[in-house]
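>>> coordinates only, sequence not included:
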């Protein structure tokens, strides 16, 4: 979890004004305040591991959830790496 969160923080530096969704295998994930925001808008579960909040949804849900985020006015950046070891 910490490695993914560190990766999120690094990528978030370039997208501070947007919710950042990162694909890991079959899931899109986000952390911290972004996780709190999408959990509220999408009605998905906000999770916490240690002191890190995160939210996730299956990658197949992107075409359902992304339009809902856009309609709610949530600016979103998506990172879908080719290399699974990002």
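Cool, the structure landed. This is a predicted model, so every value here is computed, not measured. Numbers count the residues shown, from 1 in each chain.
>>> any buried residues in stretch 23-33, and which?
Neighbour-count burial for stretch 23-33 flags 23-24, 28-32 (criterion: 16 or more other C-beta atoms under 10 Å). In this view, the C-beta of every residue, glycine as well, is placed from N, C-alpha and C.
>>> in CSV, list these along with secondary structure and distance to residue 13.
Formatted as CSV, those follow (DSSP: H, G, I helix; E, B strand; the rest coil; distance: C-beta to C-beta, whole Å):
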residue, secondary structure, distance to residue 13
23, strand, 19
24, strand, 19
28, strand, 19
29, strand, 17
30, strand, 15
31, strand, 13
32, helix, 13
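>>> need those in TSV (columns: distance to residue 65).
TSV is the format used below for the buried residues of stretch 23-33 (distance: C-beta to C-beta, whole Å):
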residue	distance to residue 65
23	13
24	16
28	8
29	12
30	11
31	16
32	18
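>>> which one of the residues you listed is nearest to residue 52?
Nearest to residue 52 among those, counting by C-beta to C-beta, is residue 31 at 6.1 Å.
>>> residues in contact with that closest one?
Taking C-beta atoms under 8 Å, 6 or more residues apart in numbering, we find residue 31 in contact with 4-5, 8-9, 52-54.
>>> are any of those buried, and if so which?
5, 8, 53-54.
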